[in-house]
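Participant: How does the following fold in three dimensions:
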Amino acid sequence: MANEGDHYRLAFDREDTWSQKYNMIWDKMWNLNLFPNNVIGKEINYYLTKQNPYGLPLDSRKDYTKSDWIMWTAAMSSDQATFEKFVDPLYKYVNETISRVPISDWYDTKTNQMTGFKARSVIGGHWMKILMEKMLNK
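Facilitator: I've put the predicted structure just below:
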């Protein structure tokens, strides 16, 4: 991973970029320890500076996101208060969106407009924290 100081880059050759490293959840859940906890902590802290009114964008290229991946990212938080900082904007999106479809998992984090996708099974990813707690026996 390309260290940018306060976060890790989207790509090695792209300065001033970032992306959600949501797949690190599996490292944490399965106790693989491929990434030190300070890597996850650094990323989580950086993501909190990138939040928009309706959630955390996928990366530095666009304002859209995937709600399931926000929940994967949130589940890596070290405490409940930080977890809720990711979940609250997602709740705001679900509560305030004018899109008349069952929860769209792909939406704009600034406008709360659905980008695409509706009523997909990936919404199961919203339960990632519960799965992780069950796996870690918390």
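Participant: per-residue confidence at the residue of the chain most remote from its centre?
Facilitator: Most distant from the centre of the chain: residue 100, at 23.6 Å, with distances by Cα atoms, centre = their mean. Predicted confidence (pLDDT) for residue 100: 85.
Participant: That one and residue 119: what is the separation?
Facilitator: 12 Å (Cβ to Cβ, to the nearest Å). The C-beta positions use only the backbone N, C-alpha and C, and glycine is treated the same way.
Participant: biggest helix in the chain, by residue count?
Facilitator: In the chain, taking DSSP state H as the definition, the longest helix is helix 80-96.
Participant: where along this protein do the helices fall?
Facilitator: Under DSSP H, the chain gives helices at 25-29, 37-48, 67-75, 80-96, 128-135.
Participant: Distance to residue 108 added to those helices, as a markdown table?
Facilitator: Below are those laid out as a markdown table (distance: least, Cβ to Cβ, whole Å):
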| stretch | distance to residue 108 |
| --- | --- |
| helix 25-29 | 24 |
| helix 37-48 | 17 |
| helix 67-75 | 12 |
| helix 80-96 | 9 |
| helix 128-135 | 22 |
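Participant: Give the pairing partners of the lowest-mean-pLDDT helix or strand in the chain; include direction for each.
Facilitator: Ranked by mean pLDDT, DSSP states H and E, the weakest helix or strand in the chain is strand 114-116, scoring a mean of 92. Paired strands of strand 114-116, with direction, are strand 106-108 (antiparallel) (DSSP bridges).
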